[in-house]
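Participant: No sequence on hand, only this structure:
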């Protein structure tokens, strides 16, 4: 098995990451059984509310923020993952056939 090259992403602002995650949603398909915890975290991801101004501020750090942050990091790195996959040929064996040829798996 060949080792994958590690790439460190630039430290982006949390707001930029949230924006990237929102832009990734239309391109995602979630298996509700396999991603139940992730979907719960994304639904419950929320911001702290400033008591004086009643405005949303920074994301609330709670039990749901870790799963939502995971999706945010994926959203920030997905373009790098796609580019690296396009640069190398997909390895297939002669016995392997796609279950759904349109999707490729």
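Facilitator: Cool, got the structure. Note that the structure is predicted; figures quoted are calculated from it, not measured.

Participant: Please make it C-alpha for all contacts and neighbour counts, starting now.
Facilitator: Noted.

Participant: Stretch 40-49: which residues count as buried?
Facilitator: Residues of stretch 40-49 classed as buried by neighbour count (16 or more other C-alpha atoms under 10 Å): 41, 42, 45, 46.

Participant: I misspoke; the intended subject was stretch 14-27.
Facilitator: 17, 18, 20, 21, 24.

Participant: rewinding a little: nearest to residue 73 among the buried residues of stretch 40-49?
Facilitator: Among the buried residues of stretch 40-49, residue 42 lies closest to residue 73 (C-alpha to C-alpha), at 13.1 Å.

Participant: Now do the phi/psi pair for the nearest residue to the closest one once chain neighbours are set aside.
Facilitator: The shortest distance from residue 42 to any non-neighbouring residue, by C-alpha to C-alpha, 6 or more residues apart in numbering, is to residue 68 (5.2 Å). Dihedral pair for residue 68: phi -70, psi -40, per degrees, to the nearest 10.

Participant: Give me the distance between residue 68 and residue 14.
Facilitator: The gap separating residue 68 from residue 14 is 12 Å, by C-alpha to C-alpha, to the nearest Å.

Participant: And the pLDDT for the residue nearest to residue 42?
Facilitator: Residue 68 carries a pLDDT value of 93.

Participant: okay but it is in contact with residue 41, surely?
Facilitator: Yes. With contact defined as C-alpha atoms under 8 Å, residue 68 and residue 41 form a contacting pair (5.6 Å).

Participant: So which of the buried residues of stretch 14-27 sit within strands?
Facilitator: If you go by DSSP state E, the buried residues of stretch 14-27 have nothing in strands.

Participant: Can you tell me which of the residues you listed lies closest to residue 57?
Facilitator: Taking C-alpha to C-alpha as the measure, residue 57 sits nearest to residue 18 out of the buried residues of stretch 14-27, at 13.2 Å.

Participant: residues touching the closest one, list them.
Facilitator: Residue 18 makes contact with residue 72, according to C-alpha atoms under 8 Å, 6 or more residues apart in numbering.
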